[in-house]
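Undergrad: Got a predicted structure plus its sequence, pasted below:
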Amino acid sequence: MTLLGTAVTSIPTEPTQQALGYPSLFLLVLIGALVPVVPTGVLVSSAAVVAMHQTLPFSLLMVFVTASLAAFCGDMALYWLGRRGVGSKNGSRWLEVIRSRAPEDRLEQAREKLAEHDVAVLVLSRLVPAGRIPVMLACLLAEWPSRRFARGNLPACVAWAVTYQLIGILSGSLFSEPWEGVAAAIALTVLVGAAPSAWRRLRGPAKA
């Protein structure tokens with residue numbers, strides 16, 4: 001066998017890529033739901049671009065199922081850890097972590113919207129950058145049971161996965177090479193994430 005033939009045969013096949021890729025995507029999105037150090041939106045968009053260039057059926061569907069399920073499991077795990085802190089006299093480290101990631105003004109807005117719109121606020125919070133944690137904390141302080149939170153969080157995670165997968169599909173459809181689509185997906189995801197903050201700065205402080 002020639003050197004070129006050896007190199008070609010060493011490239012992972014699509015089934016191997018999928019067998020490794022989906023568990024990795026699930027794990028990274030799950031971690032990102034617990035600790036905000038993983039750019040989960042970028043991961044989902046990039047995975048959608050790669051799936052578009054694969055010949056195996058249902059690749060995009062698998063990205064959607066993996067991302068939405070991982071986001072849901074991560075949110076529910078974080079909510080369960082937060083509820084343990086709410087029910088404890090001494091609180092918990094996880095509850096303090098959630099509190100530290102929810103500025104007081106954002107928390108107050110989340111509590112008001114939650115009182116007005118109930119579980120519908122959860123769907124929007126997943127789509128708005130930095131909106132998930134304040135709404136989750138508002139649910140914790142309102143002592144929502146886990147089942148009630150799950151009913152709102154499931155469609156929220158589905159909507160989130162669909163949104164970022166569509167970004168990936170749009171980016172991938174613009175370029176013939178996967179790496180170009182991934183680069184475009186990353187840029188578009190960052191732009192979407194930064195847009196709300198930039199808009200708030202342009203508007204300036206809200207008038208009383």
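TA: That came through, no problem.
Undergrad: Could you pull up the mean pLDDT of stretch 115-123?
TA: Across stretch 115-123, pLDDT averages out at 86.
Undergrad: hey, where'd the helices end up in the protein?
TA: Remark: helices assigned in the chain by DSSP state H are 3-10, 14-34, 40-52, 59-86, 93-100, 104-117, 120-127, 132-141, 146-174, 178-203.
Undergrad: Go through the ones you listed and find the least confident stretch.
TA: helix 3-10 (a mean of 36).
Undergrad: that older thread, save the helices of the chain as JSON lines, and put in mean neighbour count too.
TA: Bear in mind the C-beta positions are built from the backbone N, C-alpha and C, glycine included. Below are these laid out as JSON lines (neighbours: other Cβ atoms under 10 Å):
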{"stretch": "helix 3-10", "mean neighbour count": "8"}
{"stretch": "helix 14-34", "mean neighbour count": "16"}
{"stretch": "helix 40-52", "mean neighbour count": "25"}
{"stretch": "helix 59-86", "mean neighbour count": "20"}
{"stretch": "helix 93-100", "mean neighbour count": "16"}
{"stretch": "helix 104-117", "mean neighbour count": "15"}
{"stretch": "helix 120-127", "mean neighbour count": "20"}
{"stretch": "helix 132-141", "mean neighbour count": "24"}
{"stretch": "helix 146-174", "mean neighbour count": "19"}
{"stretch": "helix 178-203", "mean neighbour count": "15"}
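Undergrad: Assess the claim that Leu25 and Thr66 are in contact.
TA: Yes. When contacts are counted by Cβ atoms under 8 Å, Leu25 is listed as touching Thr66 (5.1 Å).
Undergrad: Quick check: neighbours shared by the two?
TA: Ala47 (Cβ atoms under 8 Å, 6 or more residues apart in numbering).
Undergrad: what's the distance between the residue nearest to Leu122 when sequence neighbours are not counted and Lys113?
TA: In space, and not counting its chain neighbours, Leu122 is closest to Gly152: 3.6 Å by Cβ to Cβ, 6 or more residues apart in numbering. The spacing between Gly152 and Lys113, counted by Cβ to Cβ, to the nearest Å, is 12 Å.
Undergrad: Overlap in contacts, these two.
TA: Val121.
Undergrad: so what's the residue lying closest to Ala156 once chain neighbours are set aside up against?
TA: Of all residues not flanking Ala156 in the chain, Arg126 sits nearest, at 3.9 Å (Cβ to Cβ, 6+ apart). Arg126 makes contacts with Ala71, Arg132, Asn153, Ala156, Cys157, Ala159, Trp160, as judged by Cβ under 8 Å, 6+ apart.
Undergrad: Check these and tell me the two furthest apart.
TA: Maximum pairwise distance among the contacts of Arg126 (Cβ to Cβ): 12.0 Å, between Arg132 and Ala159.
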